[in-house]
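Dropping a prediction and its sequence here:
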Amino acid sequence: MTELVLKGKIDQEKLASIVNFLKSWGIDVEVKDTVSKKEDLVPPFAESFGMWAKHDIDIKNIRKMARERRTKTYGEGSL
């Protein structure tokens with residue numbers, strides 16, 4: 001048995017065309033539509049959120065460091 005997996009949202013008309021094409025070659029075709037689990041949709045970086053818990057970081061500090069870095073790299077007129 002050979003399995004062909006099509007990932008992503010596929011238009012029903014295109015899927016029907018693929019199925020008909022494979023059937024025209026005498027290939028037995030079975031279509032299964034699976035729904036992604038919510039767990040699969042969690043961004044992989046979410047696991048690293050806890051590593052910054054003990055650090056005092058806020059958006060003002062991040063923006064200030066980015067501004068200083070950009071000014072240092074590209075000069076005063078880059079902002």
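Received, thanks.

which sections of this protein are below the confidence cut-off?
Counting by pLDDT under 70, the low-confidence segments of the chain come to 36-48, 52, 78-79.

cutoff 80 now
Applying pLDDT under 80 to the predicted model, the residue ranges of the chain that meet it are 35-57, 76-79.

what about the longest helix in the chain?
Scanning the chain for the longest helix, with DSSP state H as the assignment, gives helix 59-74.

can you pull the buried residues of that one?
Residues of helix 59-74 classed as buried: none (neighbour count, 16 or more other CB atoms under 10 Å). Placement of C-beta: from N, CA and C, glycine included.

Just list what that helix packs against, helices and strands only.
Helix 59-74 makes packing contacts with no helix or strand when contacts are defined by 3 or more CB pairs under 8 Å, 6 or more residues apart in numbering; DSSP states H and E.

Return the alpha-carbon coordinates of that helix using CSV.
Once side chains and other backbone atoms are set aside, the C-alpha atoms of helix 59-74 remain, and they are given as CSV (Å, rounded to 0.1, in the frame of the first residue of the first chain):
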residue,chain,number,x,y,z
ILE,A,59,8.8,46.5,25.9
LYS,A,60,10.5,49.9,26.7
ASN,A,61,13.8,48.2,27.3
ILE,A,62,13.6,46.1,24.2
ARG,A,63,12.7,49.2,22.0
LYS,A,64,15.5,51.2,23.6
MET,A,65,18.1,48.5,22.9
ALA,A,66,16.9,48.1,19.3
ARG,A,67,17.1,51.9,18.8
GLU,A,68,20.6,52.0,20.2
ARG,A,69,21.6,49.0,18.0
ARG,A,70,20.2,50.5,14.9
THR,A,71,21.7,53.9,15.6
LYS,A,72,25.1,52.3,16.2
THR,A,73,24.9,50.3,13.0
TYR,A,74,23.3,52.7,10.5
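
Distance from it to the middle of the chain?
How far helix 59-74 lies from its chain's middle: 28 Å, per CA atoms, centre = their mean, to the nearest Å.

how close does Arg70 get to Lys64?
Taking CB to CB, to the nearest Å as the measure, Arg70 falls 11 Å from Lys64.

let me redo that: Ala16
In this structure, Ala16 and Lys64 are separated by 56 Å, where distance is defined by CB to CB.
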